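Asks: Quick one, structure for this:
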Amino acid sequence: MKKKTIIIGVLTTLFICGGVGIFFLIKDKDVDIERFVTGIPACGTNNEFFTHRPVDFEDIDGIIPLGNLNPSGHTFPTDHMYLNIKKGKENIPVYAPGDVWVTSLDLQEKYEDGQTVKDYSVDFRPCREFRAYYIHITTLSDKLQSEFDKNYSEENCMEEETGGDRFKTCFVEADVKLSAGDLIGTTGRKGQRNFDLGANDLRLDTSWVENYTKWVRWRESYLNTVCPLDYFTSDLKAKLYSIVGDFGGVRRTVEPICGTVNQDVWGTAQGVWFLSGEEVVERGREDEHMALVHDNLDPTLGAFSIGISMEEKGLPSSTYKFEPKLAGFVNRDFDEVEPDGNTYCYAASGGYSGQHRDHAIIIKMLDDKTLRIAKFKETTCGSGPWEFSSNYTDFER
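Replies: The predicted structure is shown next:
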């Protein structure tokens, strides 16, 4: 039996440096993929699947690019985009972007302040090897709600915690054909400022991951993540690309405009790192881990995305950014840090709402698959050299 990764979620909006943070739970569920896509034609070489806007353009004011960082729920670069709902808009319609088959309708319930907040994820395929999805659909269309009710079973529900929140997730298979422009449902409730759009193209070559043993044990769908905007017709693609940026109207200007998810550079510090010593990496859970990557809005900036594993050692879970250098041992760009015996120091600034600023962080690659990191005792790097105390944490690939 083959596996399909089902991605679902519930919204927690955090206004952080003009961005937004989303916590969501990701789980693998065993399903018979061959049965699941029976009757769906192969994609062939086609890359233009979507002919209809996902929402009315007057309802959104931007699209946050791929690779957003919001630890600990999103410690790794996020593999979907956020469509930003205009302030004050609620219950906006969401459409099928093309002729698609809806293959799952999954419910997630978040327990918050004594109440249960519900929303749905909707997986759909225009062809067999291409999967797209919406997350944070607040209500389903009558057609999809009927399909959900027909196939719902409490036996396919589970409860778990990520990003500090408790969730109940229910996996529901579906088999519904929709035409471009058909109503999927609505999104946007009081306090909700965005919903998610993501895509995976199974035609991509992912052989590069063979070097990354823990990637294989983590989440397969991350490896074939693509920019969903690239699969719209040219006029819609241009319009969607023109609003890629943050809530404040700042647009990404560095190619690729859509953002980047997989930033790993083998043999260097750049990429995602898993807490050392964990024999089993829980599929989809990012809280304990770390990413050394570039910012998704301004990729000229380097970014530490730190999960919860270093909090007791003085480095809170947050993002810390710096201006990369191409020489020396201070603020050296991550893709130039190798297992060369040297320790590198970063005068990094960041955190949410002005918190956790002005940390000096030191790193050293012990070998191709192991990286040591610690908060330096001072708030600036100085001239070095920098020595690790016993307060370090090791991560591995």
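
Asks: would you list every one of the helices in the stretch 1-150 of the chain?
Replies: 33-36, 142-151 (DSSP state H, counting those that start in this stretch).

Asks: Please tabulate those helices in CSV, including the columns distance to Thr116 and mean neighbour count.
Replies: Where C-beta positions appear, they are placed from N, C-alpha and C, glycine not excepted. Below are these laid out as CSV (distance: least, Cβ to Cβ, whole Å; neighbours: other Cβ atoms under 10 Å):
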stretch, distance to Thr116, mean neighbour count
helix 33-36, 29, 14
helix 142-151, 17, 15
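
Asks: nearest to Met310, of these?
Replies: helix 33-36 (38.3 Å; Cβ to Cβ).

Asks: tell me the mean pLDDT over stretch 123-143?
Replies: Across stretch 123-143, pLDDT averages out at 96.

Asks: From start to finish, how long is that stretch in a straight line?
Replies: By Cα to Cα, to the nearest Å, the extent of stretch 123-143 from end to end equals 15 Å.

Asks: going forward can the numbers begin at 7, since that is how I track them
Replies: Will do, 7 is the new start, and the previous item becomes stretch 129-149.

Asks: Out of the helices of the stretch 7-156 of the chain, the one nearest Ala333 is which?
Replies: helix 39-42 (48.9 Å).

Asks: Among the helices of the stretch 7-156 of the chain, which comes closest to Asn337?
Replies: Between the helices of the stretch 7-156 of the chain, helix 39-42 lies closest to Asn337; by Cβ to Cβ that is 45.2 Å.

Asks: and the helices of the stretch 7-156 of the chain, which one's lowest on average pLDDT?
Replies: Among the helices of the stretch 7-156 of the chain, helix 39-42 scores lowest, at a mean of 50.

Asks: Show me the domain layout of this structure.
Replies: Residue ranges for each domain of the chain read 9-247, 277-402, as given by automatic domain parsing.

Asks: could I get those as TSV with distance to Arg258?
Replies: Listed next are the domains of the chain as TSV, based on distance: least, Cβ to Cβ, whole Å:
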stretch	distance to Arg258
domain 9-247	5
domain 277-402	6
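
Asks: out of those, nearest to Val260?
Replies: Comparing these by Cβ to Cβ, domain 277-402 comes nearest, at 5.0 Å.

Asks: can I assume Lys383 sits in a helix?
Replies: No: residue state for Lys383 (DSSP: H, G, I helix; E, B strand; the rest coil) corresponds to coil; a helix is not indicated.

Asks: roughly how far apart are it and Gly320?
Replies: Computed as Cβ to Cβ, to the nearest Å, the Lys383 to Gly320 distance reads 9 Å.

Asks: swap in Val260?
Replies: Val260 is 33 Å from Gly320, by Cβ to Cβ.

Asks: List the contacts of stretch 375-391.
Replies: Stretch 375-391 has contacts (Cβ atoms under 8 Å, 6 or more residues apart in numbering) with 275, 279, 282, 296, 298, 316, 319-321, 335-337, 349, 351-353, 364-372, 392, 394-395, 397-403.

Asks: quick one: least confident helix or strand in this protein?
Replies: The weakest-scoring helix or strand in the chain, judged by mean pLDDT, DSSP states H and E, is strand 9-13 (a mean of 34).

Asks: Can you get me the start-to-end distance on stretch 312-322?
Replies: End-to-end for stretch 312-322, by Cα to Cα: 7 Å.

Asks: buried set for it?
Replies: 312-316, 321-322 (16 or more other Cβ atoms under 10 Å).

Asks: and stretch 47-54, what's its mean pLDDT?
Replies: Here the average pLDDT along stretch 47-54 is 95.

Asks: I misspoke; the intended subject was stretch 187-198.
Replies: Computed over stretch 187-198, the average pLDDT equals 93.

Asks: what's the spacing between it and its chain's center?
Replies: 20 Å (Cα atoms, centre = their mean, to the nearest Å).

Asks: go on, stretch 245-253?
Replies: 18 Å.

Asks: Next: stretch 80-89.
Replies: The answer for stretch 80-89 is 2 Å, by Cα atoms, centre = their mean.

Asks: Buried residues in it, which are they?
Replies: Buried-residue list, stretch 80-89, by 16+ other Cβ under 10 Å: 80-89.

Asks: And those residues, which is the shakiest by pLDDT?
Replies: His80 (89).
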